[in-house]
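Visitor: Coordinates for the following, if possible.
(2 chains)
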2 protein chains.
Amino acid sequence: MRIVALAGGVGGAKFAAGLQADLPPGALTVIVNTGDDFEHWGLPICPDIDTVLYGLAGVDNPQTGWGRAAESWAVLTEMERLGAERWFRLGDKDLALHLRRSQWLRQSLSLTEVTDRLRRILGVPSRILPMSDDPVRTLVHTDEGDLPFQEYFVRRRCEPTFLSLTYIGAASATLSPEVAEAFRTAAQIIICPSNPYLSVDPILSVPGLRDLARESPASVVAISPIVGGQAVKGPAAKMMREMGASVSPLTVVDHFADLLDGFVIDEQDSALAEAVLLPTLVTDTIMTDLPSKRRLAEEVLRFNQGLQTVE
Amino acid sequence: MRIVALAGGVGGAKFAAGLQADLPPGALTVIVNTGDDFEHWGLPICPDIDTVLYGLAGVDNPQTGWGRAAESWAVLTEMERLGAERWFRLGDKDLALHLRRSQWLRQSLSLTEVTDRLRRILGVPSRILPMSDDPVRTLVHTDEGDLPFQEYFVRRRCEPTFLSLTYIGAASATLSPEVAEAFRTAAQIIICPSNPYLSVDPILSVPGLRDLARESPASVVAISPIVGGQAVKGPAAKMMREMGASVSPLTVVDHFADLLDGFVIDEQDSALAEAVLLPTLVTDTIMTDLPSKRRLAEEVLRFNQGLQTVE
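Guide: A predicted model of the protein is given here:
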């Protein structure tokens, strides 16, 4: 049984860790947003891939939601002394991974190959696939002008008012054979509780990918990242407000309407279940530790499996 | 009074620190070998520039002779875990400097400009000039084949029998305006106690540089890196033996004969002073701490000054 999950950063990594814990080794493939990727200190950084990688390897920092556990900051401290930009904080262990990735990319390995090497070294049994080997970069149009994603998200802490997004390079990005194969052999497709606009849409913007998900015989469910009128983490709620949309799971389900066979909302939002036009699982979606991640994953897998049986 | 010193790694950095301590701020310019430069972990590394830089900034590690004092190794430890080459050990603080240099070089700053930025940030009052902004790479011909310098020096610990050297790129390397200006305004030129073949010859191989030193009105002295039949540090003695030359200050003075106005040998070799055909200073050349570096520098400066008065 092959499960394909689409994931961005923290929420996606948490749910993917639950799936990995519940599934047989190797059954999970996580397709990860690379629209947040950028260059820092001359090195290519893939924030969402790394968050998923660290989460699945169990070396993530659960306090911050990014970077490594038991991290040290010797290089950053010295870089600051040498006048380097410090708004994006790279720890020593984290930096080693960026250096290694940079070496391999310069040897002309694809990001897919590099990511696969890294996940094997870190002992991750699941496949982690970048949504494309071609660069796609999320540009945030705001009332203060256009900002590259990390400038908006990290440096400006999402403060400027959001207007719209462009996924630069998406139109000419190529679907990798590995991503295409993952969809073709998928028994279930799950959209993790990630930001719909910043994390999932860039993945779906890769030409051909949305069609593969839509046309797959595998049923597709999404888990709402909006719970109780707030985003569990990150700027999704703020973005919805700034778009004039309700901060609600309903905004999420409508956003993915063409793709979904089922939807998962938190028990805090049970009153909304009636309004969803799809089969809906209502459960506790707040993941605080590995057992809660695994329990949610197990429930979602069973729910999704049930949708297929019905069809 | 402007003093120009030609330097390689450890011995050169020690003597340069003595000169800097004895001279008014800004009087010293150190022209440094870049034949040892190479790329590691995808970053440009300039071992001799860094040894001089760290030595003049007082942040060097006197135990190892390379790298930083109070260094940590978090990135190296993680890089090893990620399967990276570990024969060249980069500490965390050291790595920060390589990252910063790499960033600036990619912004099309010259190595001269980058080095000047770094020495200013580290509070070094002396100028540190790479021998050229063009790449020159020392290739070591050995009985086990040709080895790039760091492979011979660090990875193979100078074990293969030395045959000869090629300074790749030297013929087309350009003398920088800064190096040319330093020679033109020099009151004294001093060849530091560095390896003649691996450290000083690459500097002299830059077209025009040897002539500038020879034709300068400033007198030129060298300090023997060979003391008591041994190299104070490094493979100079082994290389001399493998070339069939005496392991002696006399081999050094003969090597630089066309350049020198005077020579400095250690008191352990005082019996050889008679055999030197140039004015010779016999003194304690072993530098163990800043006071001994400064005392030697002061003696050499006075000796060199005396040579000019005589002319």
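Visitor: Now do A:Pro217 against B:Asp92, distance only.
Guide: 51 Å (CB to CB, to the nearest Å). Every residue, glycine included, has its C-beta placed from N, CA and C.
Visitor: can you check A:Gly123 too?
Guide: From A:Gly123 to B:Asp92 the distance is 25 Å (CB to CB).
Visitor: Which one's more surrounded, A:Pro217 and B:Asp92?
Guide: B:Asp92 (23 against 9; other CB atoms under 10 Å in any protein chain shown).
Visitor: Roughly how far does the more buried one sit from chain A?
Guide: B:Asp92 sits at a distance of 4 Å from chain A (criterion: CB to the nearest CB, to the nearest Å).
Visitor: burial of the closest residue to that residue other than its chain neighbours, as a residue count?
Guide: Residue nearest to B:Asp92 in three dimensions, not counting chain neighbours: A:Ala74, with 3.5 Å by CB to CB, 6 or more residues apart in numbering or on different chains. Around A:Ala74 there are 21 other residues, counting by other CB under 10 Å.
Visitor: Could you do the one 3 residues further on as well?
Guide: Neighbouring residues of A:Thr77 were enumerated by other CB under 10 Å; the total is 15.
Visitor: where does it land on pLDDT?
Guide: Here the pLDDT value assigned to A:Thr77 is 97.
Visitor: Look up how far B:Ala74 lies from it.
Guide: From A:Thr77 to B:Ala74 the distance is 11 Å (CB to CB).
Visitor: A:Phe88 too?
Guide: Distance from A:Phe88 to B:Ala74, by CB to CB: 18 Å.
Visitor: Tell me which residues of the lengthiest helix in chain A come out buried.
Guide: In chain A, with assignment by DSSP state H, the single longest helix is helix A:290-310. Buried positions in helix A:290-310, judged by neighbour count with 16 or more other CB atoms under 10 Å in any protein chain shown: A:Lys293, A:Arg294, A:Arg295, A:Leu296, A:Ala297, A:Glu299, A:Val300, A:Leu301, A:Phe303, A:Asn304, A:Leu307.
Visitor: Also stretch A:176-184?
Guide: Neighbour count says stretch A:176-184 has A:Ser176, A:Glu178, A:Val179, A:Ala182, A:Phe183 buried, by 16+ other CB under 10 Å.
Visitor: cool, stretch A:112-121 as well?
Guide: Neighbour counts over stretch A:112-121 (16+ other CB under 10 Å) mark A:Thr112, A:Glu113, A:Val114, A:Thr115, A:Asp116, A:Arg117, A:Leu118, A:Arg119 as buried.
Visitor: Would you mind confirming that the first one is in contact with A:Asp133?
Guide: Going back to what we said before, that points to A:Thr112. Yes: A:Thr112 is within contact range of A:Asp133, at 5.5 Å (criterion: CB atoms under 8 Å).
Visitor: which residues are common contacts for the two?
Guide: Contact criterion CB atoms under 8 Å, 6 or more residues apart in numbering or on different chains; residues shared by A:Thr112 and A:Asp133: A:Ser176.
Visitor: Helices of chain A, residue ranges please.
Guide: A:10-22, A:47-57, A:74-81, A:92-106, A:111-121, A:149-150, A:177-184, A:201-204, A:209-215, A:236-243, A:249-255, A:290-310.
Visitor: To B:Leu6, which of these lies closest?
Guide: For B:Leu6, the closest of the helices of chain A is helix A:74-81, at 28.9 Å, according to CB to CB.
Visitor: quick revisit: can the helices of chain A go into TSV with extra columns for distance to A:Ile223?
Guide: Putting the helices of chain A into TSV (distance: least, CB to CB, whole Å) gives the following:
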stretch	distance to A:Ile223
helix A:10-22	6
helix A:47-57	15
helix A:74-81	34
helix A:92-106	27
helix A:111-121	23
helix A:149-150	23
helix A:177-184	19
helix A:201-204	15
helix A:209-215	15
helix A:236-243	13
helix A:249-255	9
helix A:290-310	6
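Visitor: Return the set of buried residues in stretch A:85-97.
Guide: A:Phe88, A:Leu90, A:Gly91, A:Asp92, A:Lys93, A:Asp94, A:Leu95, A:Ala96, A:Leu97.
Visitor: First-to-last residue distance for it?
Guide: In stretch A:85-97, first residue to last residue: 19 Å (CA to CA, to the nearest Å).
Visitor: same deal with stretch A:159-179?
Guide: 34 Å.
Visitor: quick one: average pLDDT of that stretch?
Guide: In this model, stretch A:159-179 has a mean pLDDT of 96.
Visitor: Measure how far that stretch is from the centre of its chain, please.
Guide: 13 Å (CA atoms, centre = their mean, to the nearest Å).
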